[in-house]
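**Student:** got a sequence here, can you build the structure:
(2 chains)
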2 protein chains.
Amino acid sequence: MPELRKNPVTNRWVIIATERAKRPSDFLQSDDKTNNNSSNCPLCPGHEKMTPPEIAAYREPGTLPNEQGWWVRVIPNKFPALESSGDLQKAGLGIYDMMSGTGSHEVIVETPDHHEPIALAPLKQVEEVLWAYRDRLLALSTQSHLRYVLIFKNHGKAAGASLGHPHAQLIATPIVPKLVMEEVEGSRVYYSFKERCVSCDVLKQELAMGDRIIEENNTFLAYEPYASRFPFETIIAPKKHDASYAFIDKNQIMDLAKILKNTLWKMHQLLNDPPFNYILHTAPFGESVKNFFHWYLEIMPRLTQVAGFEWGSGMYINPTPPEVAAKELRAIGVPDALQVQKTN
Amino acid sequence: MPELRKNPVTNRWVIIATERAKRPSDFLQSDDKTNNNSSNCPLCPGHEKMTPPEIAAYREPGTLPNEQGWWVRVIPNKFPALESSGDLQKAGLGIYDMMSGTGSHEVIVETPDHHEPIALAPLKQVEEVLWAYRDRLLALSTQSHLRYVLIFKNHGKAAGASLGHPHAQLIATPIVPKLVMEEVEGSRVYYSFKERCVSCDVLKQELAMGDRIIEENNTFLAYEPYASRFPFETIIAPKKHDASYAFIDKNQIMDLAKILKNTLWKMHQLLNDPPFNYILHTAPFGESVKNFFHWYLEIMPRLTQVAGFEWGSGMYINPTPPEVAAKELRAIGVPDALQVQKTN
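**Tutor:** Residues are numbered from 1 along each chain as shown, chains lettered A, B, ... in the order given. Reported below is the predicted structural model:
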């Protein structure tokens, strides 16, 4: 069973993942390559038996679970960082605090097509992926021992992906993660001074200034944040205030699919299919944050290295000003063909 | 001039390093290799003219600055993240806050020998390096616009080193970095409850439990922290409470040199010269933290990848329990020959 342990100085929780246990010799082998061969890919159609039984799927009527016929499929991670079985146990060990590694670790397979990442997928498929994120968030929010669901994507080996087949992951935690708590607290303090959401104020200023905007549509804005930590770091945020991704509506899903796909396509073109992570920042469960927390999606191309200064300071050195990055991304045209909706 | 910009939600400062500016095409080239060829190494003796003029050096009597004869040499970073010229300027931009990138970015060349990292260097040379760290910390602490000096090492390409010659770096900042502030605040809260330093309590418990200890001597303890974020993450802390590395005395320097060298040598043996970062955590300037902040050195082998979950949560998944890592490192014997002091 994995274990959560708390740093007594910084109050940061760490997952000691015994199920993924590694010995020194495991680190001496040369890096595993990303598996990008569809013939032995466990996420490809026809290989459903290579994964644990599915948790959920969108599939053709008449097809059976764990068989072909799906277009989005959610499965447990084979090497989970947190485990979904067992009750949450908490304990002290002298000065230290720990709890059992109870939670959930899922893989969201985003397409049956091994070679069709979101940047290249039909808009309709991107919408389905976005609905799947919401469904899993809602499903897990009813489990009383869970406090947060982090939905994220690792694309490319340098971003931590071990499988080339397009997929996202979800880790549900029994605590509110440190960085989420920081955003909650930062937004709460601003609201207590101004009675306004800080992210709503940021969006207003970005729309007025314009030099960091990549794309805008009816309900979403894609922009490079003023204090970007990384080159081409991008935020996609709903223009209307909402604390949780769970509240997204049909029109927003269509707009988000379009702006997400366009943004990833621009990065794909400009930076030659860069490795990237994206992360859905949404409100923790059961917290009264709805007035001041503003959900968003953060995309981080992995182009620079994090080293001693960043690890020691929590500060980042970004060699590409966000205004420059935004200008480059704006300049990449999106062909009309990419905008056409294809049906599954 | 580089610029510091603050994230208005998390209050995290970022350095937008215009002097290191990169365009999209810079990220498309294959990664630069670490320069590990001493014939064109700018840090090797005889190549002093390849670097900016030295800031300080320990050198043989009668030798001149920027010539051979040094055994430790401090130079400005050729591509500084922060600049030492100019006054500190602060400004607002609507909702945003910024300041000029005023500070210092230095390189501490730790030996004339291109192929002698601390793990393999004579103890006496390690002591000299540790004195140089202290000298620079003291020298910069007198500059009133600086709030912190972060001393760190990147060893190996995966840890961010671009030069193979053994060296550390120092970045002096006009703000107290976020992670340092977190440690200050966490320690302050604990002290306000208990009237004791949290790190002193941690050291007492580690000494009593013993299963995470790597090595102990008169004045230092090397151990794997209970909530290790990374495999083989190691802390070397003074057993006696002190807030700042600036107060280290001669006996402590000798003990620290020995335990640091032994620990790095054990990692070198067990993990085959792994890439690693180390970071000196010391008290910010001018803060009244002396009762509750406890300085330490943190060593982080770079064996695992940081991906979407870590970036989104601030939590880490560690596949090697610290008790297992400590046992493996303890088991590596240190030959007596390594303990012998050689003189320069």
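**Student:** near chain B, which residues of the stretch 101-250 of chain A? Just list them.
**Tutor:** Contact residues (C-beta under 8 Å from any C-beta of the partner chain) of the stretch 101-250 of chain A with chain B: A:148, A:150, A:152-154, A:159-161, A:169, A:171, A:173, A:177-180, A:182-183, A:186-187, A:190, A:198-199, A:201-202, A:205, A:208-209, A:225-229, A:231-232. Placement of C-beta: from N, CA and C, glycine included.
**Student:** at 6 Å instead, please
**Tutor:** Counting by C-beta under 6 Å from any C-beta of the partner chain, the positions of the stretch 101-250 of chain A adjacent to chain B are A:150, A:152-154, A:160, A:171, A:177-179, A:182-183, A:186-187, A:198, A:201, A:205, A:226-227, A:229.
**Student:** now, which of those lie within strands?
**Tutor:** If you go by DSSP state E, those have A:150, A:152-154, A:171 in strands.
**Student:** just the buried ones from these, in ChimeraX syntax?
**Tutor:** Provided next is the ChimeraX selection string for whichever of these are buried by 16 or more other C-beta atoms under 10 Å in any protein chain shown:
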select /A:150,152,153,154,171
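**Student:** how about the strands in the stretch 1-150 of chain A?
**Tutor:** A:3-6, A:13-16, A:56-59, A:70-76, A:90-93, A:96-100, A:104-109, A:148-155 (DSSP state E, counting those that start in this stretch).
**Student:** strand partners of the third one, parallel vs antiparallel please.
**Tutor:** Using DSSP bridges, the neighbouring strands of strand A:56-59 in the sheet come out as strand A:70-76 (antiparallel).
**Student:** over to the fifth one?
**Tutor:** Here strand A:90-93 is paired, per DSSP bridges, with strand A:96-100 (antiparallel).
**Student:** burial measure for A:Ala208, as a count.
**Tutor:** 8 (other C-beta atoms under 10 Å in any protein chain shown).
**Student:** circling back: now, which of the residues of the stretch 101-250 of chain A next to chain B lie within helices?
**Tutor:** A:178-179, A:182-183, A:186-187, A:198, A:201, A:205 (DSSP state H).
**Student:** okay, these in TSV with pLDDT and neighbour count next?
**Tutor:** TSV is the format used below for those (pLDDT from 0 to 100; neighbours: other C-beta atoms under 10 Å in any protein chain shown):
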residue	pLDDT	neighbour count
A:Lys178	94	16
A:Leu179	95	20
A:Glu182	95	18
A:Glu183	97	22
A:Gly186	96	19
A:Ser187	97	23
A:Val198	97	23
A:Asp201	97	16
A:Gln205	98	16
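**Student:** quick check: bridge partners of the closest residue in space to A:Glu3 that isn't next to it in sequence?
**Tutor:** Excluding its sequence neighbours, the residue lying closest to A:Glu3 (C-beta to C-beta, 6 or more residues apart in numbering or on different chains) is A:Ile16, at 4.6 Å. Beta-bridge partners recorded for A:Ile16 (DSSP bridges): A:Glu3, B:Asn318.
**Student:** got JSON lines for the ones in strands among the residues of the stretch 101-250 of chain A next to chain B, with pLDDT too?
**Tutor:** Listed next are those as JSON lines, based on pLDDT from 0 to 100:
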{"residue": "A:Leu150", "pLDDT": "98"}
{"residue": "A:Phe152", "pLDDT": "98"}
{"residue": "A:Lys153", "pLDDT": "98"}
{"residue": "A:Asn154", "pLDDT": "97"}
{"residue": "A:Ile171", "pLDDT": "97"}
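**Student:** quick check, nearest of the ones in strands among the residues of the stretch 101-250 of chain A next to chain B to chain B?
**Tutor:** A:Phe152 (3.1 Å; C-beta to the nearest C-beta).
**Student:** separation between the residue of the stretch 51-200 of chain A found nearest chain B and B:Arg12?
**Tutor:** Of all residues in the stretch 51-200 of chain A, A:Gly160 sits closest to chain B, with a separation of 2.6 Å (C-beta to the nearest C-beta). Computed with C-beta to C-beta, to the nearest Å, the distance linking A:Gly160 and B:Arg12 is 22 Å.
**Student:** residues near the nearest residue to A:Leu138 once chain neighbours are set aside, how many?
**Tutor:** Among residues not flanking A:Leu138 along the chain, A:Ala246 sits closest, at 5.6 Å (C-beta to C-beta, 6+ apart). Using other C-beta under 10 Å, A:Ala246 has 17 other residues around it.
**Student:** repeat for A:Ser100
**Tutor:** Neighbours of A:Ser100 (other C-beta under 10 Å): 19.
**Student:** with A:Glu298 instead?
**Tutor:** Close neighbours of A:Glu298, defined as other C-beta under 10 Å, add up to 20.
**Student:** quick one, the strand or helix carrying it and strand A:148-155 angle?
**Tutor:** Here A:Glu298 sits within strand A:296-301, counting by DSSP states H and E. Going by axes from the mean of the first three to the mean of the last three C-alpha atoms, to 10 degrees, strand A:296-301 is angled at 30 degrees with respect to strand A:148-155.
**Student:** can you list contacts of strand A:296-301?
**Tutor:** A:230, A:232-237, A:274, A:276-281 (C-beta atoms under 6 Å, 6 or more residues apart in numbering or on different chains).
**Student:** with stretch A:59-69 instead?
**Tutor:** A:45-46, A:48, A:53-54, A:70.
**Student:** avg pLDDT for that stretch?
**Tutor:** The average pLDDT within stretch A:59-69 is 97.
**Student:** start and end of that stretch, how far apart?
**Tutor:** When the termini of stretch A:59-69 are compared using C-alpha to C-alpha, to the nearest Å, they are 5 Å apart.
**Student:** not counting sequence-adjacent ones, nearest residue to A:Glu48?
**Tutor:** A:Asn66 (4.6 Å).
**Student:** run through the stretch 1-150 of chain A and note the low-pLDDT ranges.
**Tutor:** Counting by pLDDT under 70, the stretch 1-150 of chain A has low-confidence residues at A:19-21, A:29-35.
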